[in-house]
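*Asks:* following is a predicted model, sequence given first.
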Amino acid sequence: NFKHVGHIQSSEEKAAYVQGIEQLKRNFHGVATQYFSQALFSKTTPAEVKQRILNDVSHVDTTIAAACMEPDDFDEANELAAVNKKLYLINSDAKPTDTTGFITHGLPYQLFSISGTGHFPMVEKPEDFNRLLNQALSAMTTDAGDNRGRQ
């Protein structure tokens with residue numbers, strides 16, 4: 001997540017998003033299945049993983065799921081800055097993480113990239129994901145030790 005921190009949507013992007021949510025409300029399963037299949041899986045995502053995730057999608061409360069996707073005015077970059085904590089991200093490299101927003105907004109981060117997965121690296125490559133998770137946890141511990149006594 002946090003693939004495009006600080007990105008400001010154009011009016012065209014906002015309109016397309018609102019239209020997509022309206023379609024989702026009318027035909028949740030069809031729209032969600034199409035979107036997941038086109039945008040959230042990589043070319044190498046195993047068929048059984050795709051089926052597992054699409055099965056999960058088909059069993060959600062569609063009213064709640066669509067409502068969670070409603071557009072809002074949440075300012076991700078400013079909210080992350082207010083937390084004032086370093087981010088440790090495990091992101092798939094299928095779609096690169098744009099780190100410009102982190103730099104522009106002075107957000108400390110460390111990116112751990114995982115290859116050959118889509119949006120669900122913890123399901124698609126659990127061993128690789130857990131290895132990176134352990135690296136992230138180790139980095140957090142090291143960083144916390146380096147910052148003791150400093151504020």
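*Replies:* Happy to help now that I have it.
*Asks:* gap between the nearest residue in space to residue 58 that is not next to it in sequence and residue 45?
*Replies:* Distance criterion CB to CB, 6 or more residues apart in numbering; nearest residue to residue 58, sequence neighbours excluded, is residue 29 at 5.8 Å. For every residue, glycine as well, the C-beta is placed using N, CA and C. For residue 29, the distance to residue 45 (CB to CB, to the nearest Å) stands at 19 Å.
*Asks:* those two: who's more crowded?
*Replies:* residue 45 (21 against 14; other CB atoms under 10 Å).
*Asks:* ok, that one touching residue 119?
*Replies:* No. Using CB atoms under 8 Å, residue 45 makes no contact with residue 119, being 9.4 Å away.
*Asks:* that older thread, let's verify the residue nearest to residue 58: helix, strand, or coil?
*Replies:* helix (DSSP: H, G, I helix; E, B strand; the rest coil).
*Asks:* which residues touch it?
*Replies:* 57, 58, 62 (CB atoms under 8 Å, 6 or more residues apart in numbering).
*Asks:* now do the contacts for the residue lying closest to residue 80 once chain neighbours are set aside.
*Replies:* Nearest residue to residue 80, sequence neighbours excluded (CB to CB, 6+ apart): residue 107, at 5.4 Å. Counting by CB under 8 Å, 6+ apart, residue 107 makes contact with 5, 77, 80, 81, 87, 101.
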